[in-house]
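In: Structure for this input, please:
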Amino acid sequence: MEEIKIVGFGGSLRKKSYNGYLLNISKGLMPANSSLEILDISKLPMFNQDEEDNFPENARVFKEKIRNSDGVLISTPEYNYSIPGFLKNAIDLASRPYGDNPFENKPVALMSASIGMFGGSRAQYHLRQSFVFLNMIPINKPEVFVTMAANKFDEDGNLKDDMTIEIMKQLLKNLVETARNTKK
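Out: Numbers count the residues shown, from 1 in each chain. From the prediction side, this is the model:
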């Protein structure tokens with residue numbers, strides 16, 4: 001059985017980000033015959049349409065890794081009831097110029113962690129709106145919202161909540177199965 005290659009990136013630049021922890025934990029929860037490569041978006045340039053035909057090398061590599069993947073995993077906090085700006089920038093950068101969209105028909109799964117009671121849910125809903133235009137295949141269930149995240153991780157970034165781990169496993173399984181079925 002061919003390996004399914006998923007790329008993941010996060011919406012927080014913080015070194016001890018709960019969403020970064022979720023991505024790292026996901027690497028160890030991937031189903032058999034699948035892998036997760038975490039992409040660093042911290043050094044991507046700001047999107048400027050005047051430069052879209054001449055993006056720097058790191059932006060081109062980011063875009064090609066998405067294009068060559070079988071699916072995408074995003075883990076993001078919620079900033080001001082929405083998507084962190086640099087995460088939206090990375091998505092815009094990768095999807096340009098118009099007509100050269102590596103996200104087209106890619107399965108995408110979302111996770112979010114937040115110190116609040118909504119667990120990043122509003123950011124996820126806003127991202128889903130972008131996925132419509134990008135023509136992505138969202139994995140709708142299960143939804144992974146890690147609420148009150150400060151209580152669910154230890155100081156080393158280990159997730160202490162077994163229920164969340166099981167839900168993450170199911171989301172990753174659904175992402176990989178959808179990616180496998182999309183390749184057929």
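In: what sits against the residue of the chain positioned farthest from its centre?
Out: Largest separation from the mean C-alpha position in the chain: residue 50, at 26.7 Å (CA atoms, centre = their mean). Contacts for residue 50 (CB atoms under 8 Å, 6 or more residues apart in numbering) come out as none. (Glycine included, C-beta is placed from N, CA and C.)
In: Give me the three-state assignment for it.
Out: Going by DSSP: H, G, I helix; E, B strand; the rest coil, the secondary structure assigned to residue 50 is helix.
In: burial of residue 70, as a residue count?
Out: 21 (other CB atoms under 10 Å).
In: List phi and psi for it.
Out: The phi/psi pair for residue 70 (degrees, to the nearest 10) reads phi -100, psi -10.
In: Next, the contact list for the spatially most central residue of the chain, please.
Out: Nearest to the geometric centre of the chain sits residue 74, at 1.0 Å (CA atoms, centre = their mean). By CB under 8 Å, 6+ apart, the residues touching residue 74 are 8, 9, 10, 11, 87, 108, 109, 110, 111, 127.
In: Please pick the buried ones from the residues you listed.
Out: Buried members of these, counted by 16 or more other CB atoms under 10 Å: 8, 9, 10, 11, 87, 108, 109, 110, 111, 127.
In: Filter the residues you listed down to just the ones in strands.
Out: Judged by DSSP state E, those include 8, 9, 10, 108, 109, 110, 111 as members of strands.
In: so can I have JSON lines of those showing distance to residue 158?
Out: Formatted as JSON lines, these follow (distance: CB to CB, whole Å):
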{"residue": "8", "distance to residue 158": "18"}
{"residue": "9", "distance to residue 158": "21"}
{"residue": "10", "distance to residue 158": "17"}
{"residue": "108", "distance to residue 158": "26"}
{"residue": "109", "distance to residue 158": "21"}
{"residue": "110", "distance to residue 158": "21"}
{"residue": "111", "distance to residue 158": "16"}
